[in-house]
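Asker: generate a structure from the sequence data that follows.
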Amino acid sequence: MPKMCLQDTAPVEEAWKTVPLTYPSVEIPEDCLYLYVYRPTGTASGDKLPVMMWIHGGGLAAGGALQYDGSPLAAYQNVVVVVIQYRLSILGFLSKGDQHTPGNWGFLDQIAGLQWVRDNIAAFNGDPNSVTIFGQSAGGISVSMLELSPLAEDLFHKAIAMSGVAPLEAHYTSNPLAMAQMIANLSDCESSNSPPEKVLKHQEFQKVPIMIGLTNHEFGWMLPKLLGPPGGDHGMKREDVKSVMNMFFPARADSPENVRDVFTEILGDMVLVLPVLKVAAYHRDAGVAVYVYEFQHSPLMHGSTRPTFVKADHYDDALFFLGACFCTGHTVATGHVSQEEEELSKLAMAYIANFARSGSANGPRLSAKD
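Answerer: Next comes the predicted model:
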């Protein structure tokens, strides 16, 4: 079992309290550049199945491959799933802004994972000429950043970015020396130091089909628990958020609950929704096939561990796209799952697998109406 890359485990444990999955405890050493490969049973010699490479989230500072199980997606959709790891936080992204410490080692690890897939995946009945990269949150940011990198050219053929895209300004800086002890300067790479949005505006990215998605309550629960001001569970006072919302505050937010709801909606729009829509528009203008989704279902498996005001939160879509309700290996779903949710998960997996196969999310008996 791959070991998780070196990280502060406290934020991981706090974040995972909001996720209805369990995973085993493992060592967290520097020696961590491993990957999982999942392939369906019954494959024959010479089979060439679509490959889907998952890049985990965690703010580029936390997380690991063992938190995900690619076997449901592989089994139900007859694809080969690869789950990679990459260096995190200071070890992955420390930069002094010079040629000696340029940063972005974590992204180079992801490219190394793609190179491994190109060179070795045929031995697992995968097609190296049909590789889709997909990821959620920081994994979605990584997918979007790899689209901008010439180093990743021809290593993948389709891309799916869930709740994260490259121009998220909170994740990069143009002055890495001043941030040398933090995650630094995602906009700085070997071939270019242009900010991601400038590269997008000039259409200097890989012209591959892309699917980009969001949930309808990105700042509903997980992200406020990690990043937001206290008190969100029971509402918020105007004074708590007035300095942030001064220009946007609506008159209808006349109760602590309404203040909280409006505040989280604005945060979600500013940090995730608007960047996602901008990236989708840049790809559309470049003539690239673009699919955009909004996931709206709040999973029952959260049970009473999550407040009822939360709709589809950050990461809820990944639970269904990865078939978490069917996991029985190193990750296990902990809450109740209805039959309707099992069918929804099968449908979600079919959409992304169809996209991986053909570049179109639709397929037999699948349409936007489904």
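Asker: touching, residue 132 and residue 49? I think so.
Answerer: No - between residue 132 and residue 49 there is no contact, the gap being 11.6 Å when judged by Cβ atoms under 8 Å. Glycine gets a C-beta too; all of them are placed from N, C-alpha and C.
Asker: these two: which is more packed in?
Answerer: Per other Cβ atoms under 10 Å, whichever of residue 132 and residue 49 has more neighbours is residue 132, with 25 against 22.
Asker: got a list of what that one touches?
Answerer: 50-53, 156-160, 352, 355-356 (Cβ atoms under 8 Å, 6 or more residues apart in numbering).
Asker: which element is it on?
Answerer: strand 126-136 (DSSP states H and E).
Asker: on that earlier part again, the contacts of residue 132 in helices, which ones?
Answerer: Those of the contacts of residue 132 mapping onto helices are 352, 355-356, per DSSP state H.
Asker: got a winner among those for most neighbours?
Answerer: residue 356 (29 neighbours).
Asker: any idea how far that one lies from residue 53?
Answerer: Counting by Cβ to Cβ, to the nearest Å, the gap from residue 356 to residue 53 is 10 Å.
Asker: which ones among the contacts of residue 132 are found in strands?
Answerer: Using DSSP state E, 50-53, 158-160 are the members of the contacts of residue 132 that sit in strands.
Asker: ok so, going back, which among the ones in helices among the contacts of residue 132 gets closest to residue 14?
Answerer: Nearest to residue 14 among the ones in helices among the contacts of residue 132: residue 352, at 28.4 Å, using Cβ to Cβ.
Asker: could you list the low-pLDDT ranges of the chain?
Answerer: Low-confidence regions of the chain, defined by pLDDT under 70, span residues 1-2, 167-194, 226-254, 364-370.
Asker: go with 50
Answerer: Applying pLDDT under 50 to the chain picks out residues 177-191, 231, 247.
Asker: leaving out sequence neighbours, find the closest residue to the spatially most central residue of the chain.
Answerer: Against the mean C-alpha coordinate of the chain, by Cα atoms, centre = their mean, the closest residue is residue 136 at 1.0 Å. Excluding the flanking residues, the one nearest residue 136 by Cβ to Cβ, 6 or more residues apart in numbering is residue 162, at 4.0 Å.
Asker: wait, isn't the one you found in contact with residue 319?
Answerer: No - with contacts defined as Cβ under 8 Å, residue 162 does not count as touching residue 319, sitting 11.0 Å away.
Asker: tell me where this protein has strands.
Answerer: Secondary structure of the chain by DSSP E: the strands cover 21-22, 35-38, 49-55, 80-84, 126-136, 158-162, 210-215, 290-295, 332-333.
Asker: for the longest one, which positions count as buried?
Answerer: Pointing back at strand 126-136 there. By neighbour count with 16 or more other Cβ atoms under 10 Å, strand 126-136 contains the buried residues 126-128, 130-136.
Asker: circling back to that earlier point, can I get the ones in strands among the contacts of residue 132 in a markdown table including neighbour count and distance to residue 211?
Answerer: Listed next are these as a markdown table, based on neighbours: other Cβ atoms under 10 Å; distance: Cβ to Cβ, whole Å:
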| residue | neighbour count | distance to residue 211 |
| --- | --- | --- |
| 50 | 23 | 14 |
| 51 | 29 | 16 |
| 52 | 28 | 12 |
| 53 | 28 | 14 |
| 158 | 22 | 8 |
| 159 | 25 | 7 |
| 160 | 27 | 4 |
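Asker: just the closest of these to residue 108, please.
Answerer: Each of the ones in strands among the contacts of residue 132 was checked against residue 108 using Cβ to Cβ; the closest is residue 53, at 15.2 Å.
Asker: surely that closest one meets residue 113?
Answerer: Yes - in this structure, residue 53 is within contact of residue 113 by Cβ under 8 Å, at 6.7 Å.
Asker: find the residues that touch each one of these two.
Answerer: Listed as contacting both residue 53 and residue 113 by Cβ under 8 Å, 6+ apart are 82, 84.
Asker: sorry, back to before: just send the strands of the chain back as TSV, with distance to residue 273 too.
Answerer: Listed next are the strands of the chain as TSV, based on distance: least, Cβ to Cβ, whole Å:
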stretch	distance to residue 273
strand 21-22	25
strand 35-38	31
strand 49-55	21
strand 80-84	27
strand 126-136	15
strand 158-162	13
strand 210-215	6
strand 290-295	9
strand 332-333	28
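Asker: could I get the contacts of residue 132 as TSV with distance to residue 80?
Answerer: Formatted as TSV, these follow (distance: Cβ to Cβ, whole Å):
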residue	distance to residue 80
50	7
51	5
52	7
53	9
156	14
157	14
158	14
159	17
160	15
352	14
355	15
356	10
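Asker: among those, which one sits closest to residue 119?
Answerer: Using Cβ to Cβ, the contacts of residue 132 come closest to residue 119 at residue 51, 12.4 Å.
Asker: for the residue lying closest to the closest one once chain neighbours are set aside, give me its contacts.
Answerer: Counting by Cβ to Cβ, 6+ apart, residue 126 is the residue found nearest to residue 51 once chain neighbours are left out, at 4.2 Å. Residues counted as contacts of residue 126 (Cβ under 8 Å, 6+ apart) are 39, 48-51, 80, 82, 117.
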